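Novice: Quick one, structure for this:
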Amino acid sequence: MAYLAKGTIGNVGMPGAPIVTFQFLVVPDKKTVSGTATINQAIEKGTYSGPVSGSIYATGFGTTTQIVTFAGVVYREDDGALPLNFEAHLAIDAKWNGSGGFKYGNTHVENVPVTSTE
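Specialist: Numbers count the residues shown, from 1 in each chain. Predicted coordinates:
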């Protein structure tokens, strides 16, 4: 059965840290996720947003019960600057909390919190 997942990736509350918010339709039977990702970075780069899609897999390991990977192309919202490729990976529990990372342009972030906003 499909469901919605919403959350953040990054060090929320750290000044200047890039933060990704995501909203997905998750279809476990097909092992797919699709939706949107928005990247906010108060310093320097602005806000980027775009459609993303990827995969979700069960791990069978302890509290990290799911691995999610997704990618897409994001665009700067204020001026339509050149698009950037975006990729992310999450190691999460059943409630969509855990850790992960992402990259876009020359920015690469690893081992940051993933938090559900549901």
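
Novice: For whichever strand in the chain runs longest, which helices and strands make contact with it?
Specialist: The strand that spans the most residues within the chain, counting by DSSP state E, is strand 46-58. Applying 3 or more Cβ pairs under 8 Å, 6 or more residues apart in numbering; DSSP states H and E, one finds that strand 46-58 makes contact with strand 32-41, strand 66-76, strand 84-92. (Glycine included, C-beta is placed from N, CA and C.)

Novice: ok, the first one: who's next to it in the sheet?
Specialist: Spelled out, it's strand 32-41. Strand 32-41 pairs in its sheet with strand 19-27 (antiparallel), strand 46-58 (antiparallel), by DSSP bridges.

Novice: Not counting its own residues, what contacts the shortest one?
Specialist: Judged by Cβ atoms under 8 Å, 6 or more residues apart in numbering, the contacts made with strand 19-27 from elsewhere in the structure are 2-12, 32-41, 52, 56, 70, 88, 102, 117.

Novice: again, but for stretch 86-96
Specialist: Contact partners of stretch 86-96, identified using Cβ under 8 Å, 6+ apart, comprise 5, 7, 9, 20, 22, 37, 39, 48, 50, 52, 54, 59, 63-74, 98-104, 114-116, 118.

Novice: Residue 70 and residue 54 touch, don't they?
Specialist: Yes - because the distance of 2.9 Å satisfies Cβ atoms under 8 Å, residue 70 is recorded as touching residue 54.

Novice: overlap in contacts of the two?
Specialist: The contact sets of residue 70 and residue 54 overlap at 33, 88 (Cβ under 8 Å, 6+ apart).

Novice: Mind checking which of these two has more residues around it?
Specialist: More neighbours surround residue 70 than the other of residue 70 and residue 54, with 22 against 19 (other Cβ atoms under 10 Å).

Novice: ok, the more buried one to residue 47 distance?
Specialist: According to Cβ to Cβ, to the nearest Å, residue 70 and residue 47 sit 18 Å apart.

Novice: With residue 7 instead?
Specialist: Counting by Cβ to Cβ, the gap from residue 7 to residue 47 is 17 Å.

Novice: re the thing from before, now the buried members of the contacts of stretch 86-96.
Specialist: Buried residues within the contacts of stretch 86-96, counting neighbours by 16 or more other Cβ atoms under 10 Å: 5, 7, 9, 20, 22, 37, 39, 48, 50, 52, 54, 65-68, 70-72, 74, 98, 100-104, 114-115.
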